[in-house]
Each structure stands twice: as structure tokens, then as C-alpha cells.
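In: sharing a model prediction with you, sequence too.
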Amino acid sequence: MTGENSGVSRKTLLKAAMVALPAPLVLAAAPAFSGETTPSGQSLDPTPFCDDGDDPTPPQMEGPYFKPNSPQRTSMLDGPGTRLTLSGSVYGLGCQGIAGALLDFWQADNAGNYDNYTYRFRGHQFSDATGRFTLTTIVPGLYPGRTRHIHVKVQAPGRPILTTQLYFPNEPRNDTDSLFDPRLLMSVTTGGGGRVAAFDFVLNVPQSPGPGPTTPTTSPTGSPGGTWRAGTAYNVGDRVTYGGNAYACQIAHTAITGWEPPTTPALWRRV
């Protein structure tokens, strides 16, 4: 079925097919989400293909190794390993880019170990005015029980946090990892002295049809007062008041409308 009345997006059909296929066939079908080309030269859709009103990126467990207060940076080349450049966009349900979305990444090092004492292979950034982001890191190592993966939290201004994991195609352990989800496969190619990956996040953020990126501005109603101010650069440990409550900054950032403390628990902790 095609057209506006089908009620089923193209990506939804592709997702259903990926889940239904046996694991070896899922891996063979992975390029359909990769933005690459078929052997016949036919161009394929970006990862994931974003349709107006499409399903949000599926969440996954945080795991035991998340650590708040990561540094703001786009490069996590903190040790040896195969260089990996990951890029993509953060979209809402209308397939419009979301400006100022928070992306907080963490992963294992080349030996499969997480640094829980400092911030090696941990970092956060914000999507640009068009919703784009780029991360430079290494291909994470393997450890018992899991396939190769990268953790991430993504949050649009004033919206709930999406916690999920990104996976690599053609990994043997994808078949045995109970958490593996083919909808979270990155497109990965070799080039530039390492590997190049792509993934687009679709957040559960309503958007009106129309061109251009959006910055959700949902904020509490009323006149909350307090010391928090949009446009102020806050550092970890800074304290503000908002709506009669006190908050401590957990991640250094420059405040914007929509990132008020009650709506951004990733940035502010109530004290």
C-alpha cells in the first residue's frame, strides 16, 4: 500500500522486515538502512529513513556504566583503537532537524573496559542549528556477554531523555546478544584512515509540517522567578533557583529557552 491513507510508513515496513528476518538475513539486509547502494547501483535511503509521523528511535537500557557530568566535546580519541567518525541528525516526528539537542555518548575502550574514574570515552555535545552532530571516537572493544555498541542519551530541549544504544553491522555477536536491535544498526563503511558511521535519531517530539529545523520551547507555565536565566553559561556545580526550588548543574552548557531546570534532568539536579 502507498500514499497518505496507507497508515504505514516505508520505514515501518522496513523495520518489520528486519525484525522478522533470521539474523544472517538481517545482516545481509542492513545496507537498506545505510545510505549506501545496492550491487546494481540503486541508491538507498539514509539511516534511518525518516518519514513524516514515523516511529521514534527505540530506547534501550542505560546499563551499569553511565556517569553524569561528562565533558562537552565532539572528540573522544582517548586511547588507541580504530578511528571512528559518527555523524547524523536529530529529528522530530515531522522529520525536521532539532537544534540544540543534547547527545551524551559513552563507550568501552579498545580493550572492552569502561573508565568509571575519569571521563575517557565519555562526552556530550549539542546538535547544530540544522540538527546535525558529529562524533570522533574509536571502535569500542568487546567484553563478555555483549556485542559491539555505543551508548547514548539524546534529549530535545524541554523533552524527555531517550536512552539507547547503537550497533555495528556484520558483528558475529549480534546473533547472540539479547539486547541487539537491528533498528539501531548504524551505517558503517571504511575510509579516512578508519571507519565512518551514520545514524539519525527520531525523537518523540511533535512538529508542525514545514521546512527548517525546530527548537522545542516547551517550558513550565506561569512566572516561576528564580535565578536561572537563558543565555547564561553554567558550569558543573553551579546552583540556581527556579520555581521556588534549587538546582545544581550536572553538565556544563549555555542555557536556552526550553532547557529550564525542571524539564532537563540531564542538565540540572534538584537539591
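Out: Looks like it arrived, so ask away. Numbers count the residues shown, from 1 in each chain.

In: for Asn170, see how far away Phe133 is.
Out: Distance, Phe133 to Asn170, using Cβ to Cβ, to the nearest Å: 24 Å. (Each C-beta comes from the backbone N, C-alpha and C, glycine too.)

In: and if you look at Thr164?
Out: 20 Å.

In: show me which of these two is the more surrounded one.
Out: Neighbours per residue (other Cβ atoms under 10 Å) separate Thr164 from Asn170, with Thr164 holding more: 23 against 10.

In: where's that one, which helix or strand?
Out: If you go by DSSP states H and E, Thr164 is part of strand 161-167.

In: quick one: mean pLDDT for that strand?
Out: Taken as a whole, strand 161-167 carries a mean pLDDT of 97.

In: what's the answer for stretch 63-79, then?
Out: On average, stretch 63-79 scores 96.

In: buried ones in it?
Out: 66, 70, 76, 78 (16 or more other Cβ atoms under 10 Å).

In: please, which helix or strand holds the nearest residue to the third one once chain neighbours are set aside?
Out: Leaving aside its sequence neighbours, Met76 sits nearest to Thr137 (Cβ to Cβ, 6 or more residues apart in numbering; 4.2 Å). Under DSSP H and E, the secondary-structure element containing Thr137 is strand 132-138.

In: for the following helix or strand past that strand, name the packing helices and strands.
Out: Where DSSP H and E defines the elements, the next helix or strand beyond strand 132-138 is strand 149-155. Packing partners of strand 149-155 (3 or more Cβ pairs under 8 Å, 6 or more residues apart in numbering; DSSP states H and E): strand 102-106, strand 161-167.

In: if we can go back for a sec, adding distance to Leu267 and secondary structure, write the buried residues of stretch 63-79 out as TSV.
Out: Shown next, in TSV, are those (distance: Cβ to Cβ, whole Å; DSSP: H, G, I helix; E, B strand; the rest coil):
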residue	distance to Leu267	secondary structure
Phe66	15	coil
Ser70	12	coil
Met76	20	coil
Asp78	23	coil
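
In: from the rest of the structure, what touches the strand holding Thr137?
Out: 74-77, 79-90, 97, 101, 103, 105, 107, 109-110, 121, 123, 125-127, 150 (Cβ atoms under 8 Å, 6 or more residues apart in numbering).

In: which ChimeraX command selects the buried ones in those residues?
Out: Here is the ChimeraX command that selects the buried residues among the contacts of strand 132-138 (16+ other Cβ under 10 Å):
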select :76,81,84,85,86,88,89,90,97,101,103,105,107,109,121,123,125,126,127,150
